[in-house]
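Undergrad: Give me a 3D structure for the following:
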Amino acid sequence: MNKQELIKRLKETTDEQKDMMLSWLRAGEGHSVMELDYFAERGIPLELLEPMKSRNWSNFVRVPEGITKVSRDLMSERPIGFVEDGDGWYSTGWFYLPTPQEEEQGYSTIGKSYTDSRSKRIFIEGIDEETYEDWDEREKLIEDNKPHPKASHQSDKWDDYEGGIMTIDYTIPITPEQRDKYDGSKHNKEDWFMELEESSDHYLVKYDGQKRVDYINVNKAAWHGIQSQRKPMTKKAAMDWVRAKRAEEPEISRIIGGSNIIFQTNGKRRPMKDIAQDKWQEEQDDIAWHKRMWKKYADDCLGLNDFIKDTDNVPSGWSHERFMALGYMDVMTNCNFMVPWVDGVGSTRVISAIKHTLGVDKPNTMLGRGSAARLEGTHVLEALREEGVLPSEDEEE
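TA: Below is the predicted model:
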């Protein structure tokens with residue numbers, strides 16, 4: 001798609017789409033990865049989007065039955081799971097778990113068959129030969145320099161290099177990575193892992209062969225269901241809410257984050273009844289949104305409500321799986337619920353593609369996806385205003 005075709009298509013968008021595009025370019029949404037429909041709703045042509053589409057994975061792992069804890073292996077950083085009550089081939093202990101990507105390639109069993117080296121080599125400088133030959137001194141060095149409490153001594157040697165250096169090889173079993181734990185002024189490293197909770201991490205998944213093609217975060221769906229049933233705020237309660245906010249913070253101007261209530265305009269207080277009306281309407285809109293989301297889930301998955309009540313009631317055509325996140329920055333979320341994957345494209349990449357197609361030659365010196373996307377969005381916004389796709393700042397006002 002060339003510049004002229006893109007401008008032509010964007011000019012054909014509705015006023016509502018232009019408003020959505022304007023808000024998106026201002027926000028940037030640099031850390032967001034969305035399905036193509038998100039961008040198409042804002043008037044971005046699918047011809048521009050389709051070549052960029054790919055599956056973006058969160059950093060998570062499927063938790064097979066019998067696994068009670070998950071972590072990452074200390075040495076390989078692979079996902080691992082703990083079998084509490086080993087039976088048969090699986091003894092009690094930690095095992096490798098396949099990643100979701102590997103599962104799609106046919107690796108679906110847990111085990112210890114990966115070829116990662118379990119050896120850790122330690123070098124200790126400044127050790128003379130006499131110290132090394134002293135058995136007690138050598139044993140102390142071996143014990144004091146263990147890279148992990150579960151490490152076992154494999155071998156050691158001494159070389160006359162730079163005044164003497166001792167090399168020790170240890171073997172470390174599959175074991176969780178360690179993280180600093182602070183206790184007052186002291187800190188030490190402890191095994192890091194997450195325990196599976198019975199009420200959390202439930203997903204319903206659809207497959208096409210080995211490929212996961214759809215999912216429902218059951219906890220998120222249940223949240224929408226519960227919220228959709230809550231009683232709406234009365235107008236009296238909305239007025240009481242405004243009074244309480246003003247008493248708590250007399251100079252409050254607006255609330256941002258989870259709410260968007262304006263208390264002042266141009267430095268002047270708005271009438272209480274107007275603020276209360278906005279709060280009441282926001283509550284109505286929020287409940288309506290939860291109802292729409294719950295209906296979508298229930299329509300897509302017949303029997304969802306029965307499954308929420310009892311996970312033995314798995315709906316036809318779906319598989320019940322447990323997913324647990326293994327990271328923070330590399331895990332996508334929506335309303336604080338993990339998103340396992342998105343078949344789509346990142347907002348930053350779409351904004352950059354539009355900028356490139358429009359031939360905008362302005363550098364981006366910002367660091368981080370969030371700030372970079374906002375800056376790129378500003379460049380694109382200026383270009384679209386110059387081309388008459390979006391209104392100028394004066395026309396906006």
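
Undergrad: When you work out contacts or count neighbours from here on, use the C-alpha atoms and nothing else.
TA: Will do.

Undergrad: Strands of the stretch 1-150 of the chain, residue ranges please.
TA: Applying DSSP state E, counting those that start in this stretch to the stretch 1-150 of the chain gives strands spanning 33-35, 54-57, 60-62, 67-72, 79-83, 93-96, 119-125.

Undergrad: Now mean neighbour count, mean pLDDT and distance to residue 250 too, for those, in JSON lines please.
TA: Below are those laid out as JSON lines (neighbours: other CA atoms under 10 Å; pLDDT from 0 to 100; distance: least, CA to CA, whole Å):
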{"stretch": "strand 33-35", "mean neighbour count": "19", "mean pLDDT": "90", "distance to residue 250": "39"}
{"stretch": "strand 54-57", "mean neighbour count": "14", "mean pLDDT": "92", "distance to residue 250": "45"}
{"stretch": "strand 60-62", "mean neighbour count": "22", "mean pLDDT": "96", "distance to residue 250": "45"}
{"stretch": "strand 67-72", "mean neighbour count": "23", "mean pLDDT": "94", "distance to residue 250": "47"}
{"stretch": "strand 79-83", "mean neighbour count": "25", "mean pLDDT": "92", "distance to residue 250": "51"}
{"stretch": "strand 93-96", "mean neighbour count": "21", "mean pLDDT": "90", "distance to residue 250": "56"}
{"stretch": "strand 119-125", "mean neighbour count": "15", "mean pLDDT": "92", "distance to residue 250": "61"}
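
Undergrad: Can you check which of these gets nearest to residue 289?
TA: strand 33-35 (18.8 Å; CA to CA).

Undergrad: what lines up beside the closest one in the sheet?
TA: strand 341-346 (antiparallel) (DSSP bridges).

Undergrad: Which element is encountered next along the chain beyond the strand it pairs with?
TA: Following strand 341-346 in sequence order, the next helix or strand is helix 347-358 (DSSP states H and E).

Undergrad: Would you mark the buried spots in that next one?
TA: If you call a residue buried by 16 or more other CA atoms under 10 Å, then helix 347-358 has these buried ones: 347-355, 357-358.

Undergrad: What's the mean pLDDT across the next helix or strand after that helix?
TA: On the C-terminal side of helix 347-358, the closest following helix or strand by DSSP H and E is helix 369-386. In this model, helix 369-386 has an average pLDDT of 86.

Undergrad: cool, stretch 224-238 as well?
TA: For stretch 224-238, the per-residue pLDDT averages 95.

Undergrad: one step back: can you put the strands of the stretch 1-150 of the chain in a markdown table and add distance to residue 275?
TA: A markdown table is the format used below for these (distance: least, CA to CA, whole Å):
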| stretch | distance to residue 275 |
| --- | --- |
| strand 33-35 | 33 |
| strand 54-57 | 41 |
| strand 60-62 | 42 |
| strand 67-72 | 47 |
| strand 79-83 | 50 |
| strand 93-96 | 55 |
| strand 119-125 | 64 |
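
Undergrad: Does residue 293 touch residue 222 like I think?
TA: No - counting by CA atoms under 8 Å, residue 293 does not reach residue 222; the two are 10.3 Å apart.

Undergrad: related to what we said a few turns ago, closest one to residue 382 among the strands of the stretch 1-150 of the chain?
TA: That would be strand 33-35 among the strands of the stretch 1-150 of the chain, by CA to CA, at 23.6 Å.

Undergrad: re earlier: quick one: which of the buried residues of helix 347-358 is nearest residue 275?
TA: Closest to residue 275, out of all of the buried residues of helix 347-358 and judged by CA to CA, is residue 347, at 33.2 Å.

Undergrad: distance of the residue lying closest to residue 331 once chain neighbours are set aside from residue 328?
TA: Once flanking residues are discounted, residue 331 sits nearest to residue 58: 4.5 Å by CA to CA, 6 or more residues apart in numbering. Counting by CA to CA, to the nearest Å, the gap from residue 58 to residue 328 is 9 Å.

Undergrad: If you count neighbours, what's buried in stretch 227-244?
TA: 227-228, 232, 238-239, 241-242.

Undergrad: Contacts for that stretch next, please.
TA: With CA atoms under 8 Å, 6 or more residues apart in numbering as the test, stretch 227-244 has contacts from 272-273, 275-277, 279-280, 283-284, 287-291, 294.
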